[in-house]
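with the sequence up front, the predicted model follows.
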Amino acid sequence: MKRLPIGLALFICLPLAAKPIDSLDFKIGQLFIVGFRGVAVSEQSPIVQDIQRRHLGGVILFEYDVVLKQSGRNVQSPTQVKSLCAALQSYAKTKLLISIDEEGGKVNRLKPKYGFPPTVSAGYLGQLGSLDSARFYATQTASLLSDLGVNLNLAPVCDVNVNPQNPAIGKVERSFSSNPDSVVLFATEVINAHRAKNVLTCVKHFPSYGSLKNDPHWEFADVTDAWRPIELKPFQALISQGRADMVMTAHILNAKWDTLPATLSRKAIQDMLRNEMGFDGVVCSDDMQMKAIAARYGLEQALKLALNAGVDMFIFGNNLDYDEQIAAKAIAIVKRLIERGEVKRERVEEAYRRIAALKARLK
């Protein structure tokens, strides 16, 4: 049998994970935060394969599995979550963003039944009107996340409670207040408490779900006739004060701005959020598997539009729908879009620079 040159033989034997961190493949992988099943991981776990071979930028933890309709998806106890986070981080070539939606109240993945401290909702705190109480609960949450190894809390919600009957925000007490100035005060306490514990935060959901009449998790969301300019105030204030680590986009359509939902809209992200409001940090999408996007736009079209609009990181919770191959599919699509010239490589480079700068802030 003909022997291969030593250099070529070594190249063939290299694992798929052996990509330099300045390669395009590595940078594309960093654009994705993906959910998974399991309370523990090993080298054989699909999510570990995605971290090692596809260079995921982050993961997201859930307590409840929506598809299976059962609890305990990633959470069983404080000790278990801490071990899970440490294991996930050990498989990553660079710092992995381990994220969670730990808002408090109904959006609470770390529940008392698993041995975690009780929480209260943003709506409760807003009605109480006590910044001291907000500071107490935010510090409790940030300390807990830091101890567990969770370094990104997808909070605070900065949506103004324009419609109290809103099924996605107001009705489930996720907004601090109908007063944008109050939203800023309470959100600031949350952000400051997390920064003190070296945990990143994400202000959401730009340009606000506050006026919704339906739930974008399950259907298309049009706020054209309901949205109000005051809904931008919290985002502008927190950006101007340098408190926005990340900004999460909303899957809402406002036909007065664009024919596309904000997550896919260059007018919303590049023109409004970046140019007018001055945000130059990481923009991440709300879950790309929410029906407001997934039911109307194919995966390739959604990724193409969102990347070109200015989204830097994509969340695939892998919970409203479950697809073990979602990371591989999404990454392959981005590669094809670049090869065809439908997304410029410079757009990925720009997004990666922002992500790398954000991760560099983690000690």
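Okay, I see it.

residue contacts, the residue lying closest to Gly278 once chain neighbours are set aside?
Take Gly278 and drop its neighbours on the chain: the residue closest to it by Cβ to Cβ, 6 or more residues apart in numbering is Ile239, 6.0 Å away. In short, each C-beta sits where N, CA and C put it, glycine included. Neighbour list for Ile239: 247, 277-279 [criterion: Cβ atoms under 8 Å, 6 or more residues apart in numbering].

Ile239 and Val59: what is the separation?
26 Å (Cβ to Cβ, to the nearest Å).

in the stretch 151-300 of the chain, which spans are strands?
152-153, 200-206, 246-249, 282-284 (DSSP state E, counting those that start in this stretch).

for Gln80, what are its contacts?
Per Cβ under 8 Å, 6+ apart, neighbours of Gln80: 39-40.

what helix or strand is it on?
helix 78-90 (DSSP states H and E).

which residues does the following helix or strand past that helix contact?
Next helix or strand after helix 78-90 toward the C-terminus (DSSP H and E): strand 97-100. Contacts to strand 97-100, defined as Cβ under 8 Å, 6+ apart, come from residues 33, 57-61, 85, 88-89, 109-110, 145, 149-154, 200, 202, 315, 359.

so what strands line up beside whichever helix or strand comes after strand 97-100?
On the C-terminal side of strand 97-100, the closest following helix or strand by DSSP H and E is strand 102-104. Strand 102-104 has its sheet partners listed here by DSSP bridges as strand 107-108 (antiparallel).

please report how far Leu97 lies from Val282.
10 Å.

how about the nearest residue to Ser71 once chain neighbours are set aside, what does it touch?
Nearest residue to Ser71 in three dimensions, chain neighbours excluded: Tyr64, at 5.4 Å (Cβ to Cβ, 6+ apart). Tyr64 sits next to 70-71, 73 when contact means Cβ under 8 Å, 6+ apart.

give the buried subset of those as a PyMOL selection command.
Only the buried entries of the contacts of Tyr64 go into this PyMOL selection, using 16 or more other Cβ atoms under 10 Å:
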select buried, resi 73
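
what about the contacts of Tyr64, which are in helices?
Among these, none falls in helices (DSSP state H).

tell me the one among the contacts of Tyr64 nearest to Ala221.
Arg73 (25.5 Å; Cβ to Cβ).

how about the closest one, what does it touch?
37-39, 62-65, 319.

I'd like the distance between the spatially closest residue to Cys284 that is not a sequence neighbour and Ser99.
In space, and not counting its chain neighbours, Cys284 is closest to Met313: 4.0 Å by Cβ to Cβ, 6+ apart. Distance of Met313 to Ser99, computed by Cβ to Cβ: 10 Å.
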